[in-house]
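Engineer: Based on what follows, work out the 3D shape:
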Amino acid sequence: MREKIRDAIDTLASEPEQRGKPLVGDLKGYRSVRAVGQRYRIIYRVSQLTVMVAVVALGIRKGKSRDDIYTLAQKLVKLGLL
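Structural biologist: Purely as a prediction, here's the structure:
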């Protein structure tokens, strides 16, 4: 599993702004790409000034659960940690 996650992150080295999907709402400015059979999501942001990709959250997609990776990432954004 870790290898598949690492491989998915490694693919972001080439054209990260074309991969994944742009997020909306509190996560506007971030993108999400699927990993490990679409179960995990890697949430990242691309900095155009330095061509740097920062993975800011990684976790399992659980629908409307409080443990859903998007719910956790939104909380981190609201706290100013992302």
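Engineer: What is the least confident helix or strand in this protein?
Structural biologist: strand 52-60 (a mean of 83; mean pLDDT, DSSP states H and E).
Engineer: Give me the outermost residue of this structure relative to its centroid.
Structural biologist: Distance from the C-alpha centroid of the chain peaks at L49, with 19.4 Å (Cα atoms, centre = their mean).
Engineer: would that one count as being in a helix?
Structural biologist: No: counting by DSSP: H, G, I helix; E, B strand; the rest coil, one finds L49 to be coil, located in no helix.
Engineer: which residues sit in contact with it?
Structural biologist: Listed by Cβ atoms under 8 Å, 6 or more residues apart in numbering, the contact set of L49 is empty. Backbone N, C-alpha and C define where each C-beta goes, glycine included.
Engineer: quick one: pLDDT of it?
Structural biologist: L49 carries a pLDDT value of 75.
Engineer: any weak-confidence spans in this structure?
Structural biologist: For the chain, applying pLDDT under 70 flags the ranges 51, 82.
Engineer: The same query, at a cut-off of 90, please.
Structural biologist: Applying pLDDT under 90 to the chain flags the ranges 1-20, 34-39, 45-82.
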